[in-house]
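**Q** Got a sequence here, can you model it:
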Amino acid sequence: MKKFLRVAILGVAWVAAQAEPTPGGWIGWAYLGDGGDLPLRVWFEQDAEGLVARFDGVPWRQRGWTSEVRLDGSKLSLVTATPKGTAIELSGTVESDRWSGTAEFADYSGDFELLHAPGLADIAPESYAELAGFYRMSDGDVVEAKPRPWGEIVLRSIRTGQQRTLLPTGPDTFMTGPARYLPTPVEARYEVIHGEDGGVTLLRKGRNGETSRGESFQLRSREIKLSRDGVELAATITEPDDRSVTSGVALLGGATWESRDTVAFWTRNLAALGFAVIAWDRRGHGESGGEAPSAFEVTAGDAVAAAAVLREQGVSPVGYFGISRGGWTAPRAAATDPSAAFLMLLVPPATTPAVQEQSSRVAQLRADGLDGPALEAASRALEAAWRFASVDSDDRWKTYAERRRAALAMGIPEDVLPPSERDPESWRWSRLNMHHDPRPDLASLRIPVLALYGELDANVLPLVHRPLMADALDQATDVTLVTIPGVPHNLGRSSELPHHRSTGVGAEGFDMIMEWARARGMIE
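**A** Below is the predicted model:
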């Protein structure tokens, strides 16, 4: 006997012969390129006349939308129109517990996939928005529950970087699957307990029966002003609100660090681990005064002043946390601060910027397939550029200009080479910092040092910089150097899987930071 599917979407009914999909909730993702990526939900329910399908579209829960269903051969299509008349269409084949095909929205097109989610409850995501925040788990992990713009909550383990979406199975009960937005097989189930004081407890039971209990907390921040050498810098101190914080870090970012916003990821994660974190807008950026760019010496001095502010507020011990370019400024700060208690570095160079840039740029050209003569031409041009950066003279500029033209003639991309203009502003940062050597600062340190590298880093090559770092820290008694397998300069593990099928995002290495800091009594 042939079964019939009656599809009703926002009050529109339609009947057609069709293979019957599995009843219940379906979740997935649509990828529309420049049009954005969208989470999706569809519900199939059984009634007296057959199955009823309702298109939810998590970010589109609002009135004024109209929809219809179409069947073209074996393809089932859901067509929804916005109040402005813009059409959204999902069209594809339902196969057992998977529905996939093409997605179109206005002038954008792409594809989508939805998967059956047994036990998924029809609960509006915004109803559990109060779960947002951090949870200190009994298994030692720290988890962030972060709301997405469409209301759903994504759990992220700070220790592992793994991410999972909380999928409701009922009021205050949830499940997570093996990836961000995969419902099966169920990896863990969660129960939420609301405390009388407004706090939230998250009970987790894993697939193999292991359990963990998480107590909620939030991060608190306060803005302050740093004053040094007549320049006022806008800064923020961030810390967890569930415990008395003792250890602090002054945070020095990488090449993209301008305002506090550009280091917010690191600020939040370090504060969630239990540190008081001070971050600031660099000179000449954001709400800070002064001129940009600045010499490493100046930035390091600002960091020492920031660390002193933490100590004045009762935080001790206080150390420094440097990321990439911060691998030059953080050691300088630690070396000039007699109260510095520790130093943590992510992908830190152990040579001058001139040597680091030379090796990374040539390595990238080699990876792009350029041959020996072209690489030699690039190296000669770069060497001449760094010499000119140290001393602005007619002879050095002439040499660089000639070698630059020769490199371009050999097929070297122009963006690999420094500026073609002699304008002082174009060379100011290089003139201030290109020949700064971090090794004397590192050699002077007698405090605990942690340095993490990425195996696939094409910018700060670990095979070059880690041995030099070890040699420079030869006299220090507590040094931990780690190369994380399979990650590049940002320490983020890449995935070729679509967003909803991948498992994590963001830098790895926080598990090592947690263990290292806990072992030294810096955090609980």
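
**Q** Show me where the stretch 151-300 of the chain has its helices.
**A** 264-273, 296-312 (DSSP state H, counting those that start in this stretch).

**Q** could these be laid out in a markdown table, adding distance to Gly110 and mean neighbour count?
**A** Where you see a C-beta, it was placed from the backbone N, CA and C, and this is true even at glycine. Formatted as a markdown table, the helices of the stretch 151-300 of the chain follow (distance: least, C-beta to C-beta, whole Å; neighbours: other C-beta atoms under 10 Å):
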| stretch | distance to Gly110 | mean neighbour count |
| --- | --- | --- |
| helix 264-273 | 28 | 21 |
| helix 296-312 | 43 | 21 |
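
**Q** Any chance of those in CSV with distance to Leu131 as columns?
**A** Shown next, in CSV, are these (distance: least, C-beta to C-beta, whole Å):
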stretch, distance to Leu131
helix 264-273, 16
helix 296-312, 31
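
**Q** Just the strands from the stretch 51-200 of the chain, written as ranges.
**A** Counting by DSSP state E, counting those that start in this stretch, the stretch 51-200 of the chain has strands at residues 66-72, 75-81, 87-95, 98-105, 108-117, 133-137, 142-147, 153-157, 163-165, 167-170, 173-176, 188-194, 200-206.

**Q** Which of these has the lowest mean pLDDT?
**A** Per-stretch mean pLDDT for the strands of the stretch 51-200 of the chain is lowest at strand 66-72 (a mean of 67).

**Q** To which secondary structure element is the closest residue to Val482 other than its chain neighbours assigned?
**A** Excluding the flanking residues, the one nearest Val482 by C-beta to C-beta, 6 or more residues apart in numbering is Leu452, at 5.2 Å. Assigned by DSSP states H and E, Leu452 falls within strand 449-454.

**Q** That strand pairs with which strands, parallel or anti?
**A** strand 343-346 (parallel), strand 479-484 (parallel) (DSSP bridges).

**Q** what's the single longest helix in this structure?
**A** helix 372-390 (DSSP state H).

**Q** Show me what that one is in contact with.
**A** The contact list for helix 372-390, computed with C-beta atoms under 8 Å, 6 or more residues apart in numbering, reads 354, 357-358, 361-362, 365-366, 370, 396-397, 399-400, 403-404, 406-407, 409-412, 416-418, 427, 430-431, 434-435.

**Q** Pull out the buried residues from those residues.
**A** 354, 357-358, 361-362, 365, 370, 396-397, 399-400, 403-404, 407, 410, 412, 416-418, 427, 430-431, 434 (16 or more other C-beta atoms under 10 Å).

**Q** Go ahead and measure how far the longest helix of the chain is from the middle of the chain.
**A** 34 Å (C-alpha atoms, centre = their mean, to the nearest Å).

**Q** next helix or strand past it?
**A** Following helix 372-390 toward the C-terminus (DSSP H and E): helix 394-409.

**Q** and the angle from that next one to helix 372-390?
**A** Inter-element angle recorded for helix 394-409 and helix 372-390: 150 degrees (by axes from the mean of the first three to the mean of the last three C-alpha atoms, to 10 degrees).

**Q** Which other helices and strands does helix 394-409 contact?
**A** Helix 394-409 is packed against helix 372-390, with contacts defined by 3 or more C-beta pairs under 8 Å, 6 or more residues apart in numbering; DSSP states H and E.

**Q** Mind listing what's buried along the helix it packs on?
**A** 374-375, 377-382, 384-389.

**Q** For Pro353, grab the count of nearby residues.
**A** 21 (other C-beta atoms under 10 Å).

**Q** Let me know the pLDDT of it.
**A** For Pro353, pLDDT reads 96.

**Q** Met434 is in contact with that one, correct?
**A** Yes: look at Pro353 against Met434 with C-beta atoms under 8 Å: they come within range, at 4.9 Å.

**Q** Between these two, which contacts overlap?
**A** With C-beta under 8 Å, 6+ apart as the test, Pro353 and Met434 reach no residue in common.

**Q** re the thing from before, could the helices of the stretch 151-300 of the chain go into TSV alongside mean pLDDT and distance to Asp139?
**A** Below are those laid out as TSV (pLDDT from 0 to 100; distance: least, C-beta to C-beta, whole Å):
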stretch	mean pLDDT	distance to Asp139
helix 264-273	96	15
helix 296-312	98	30
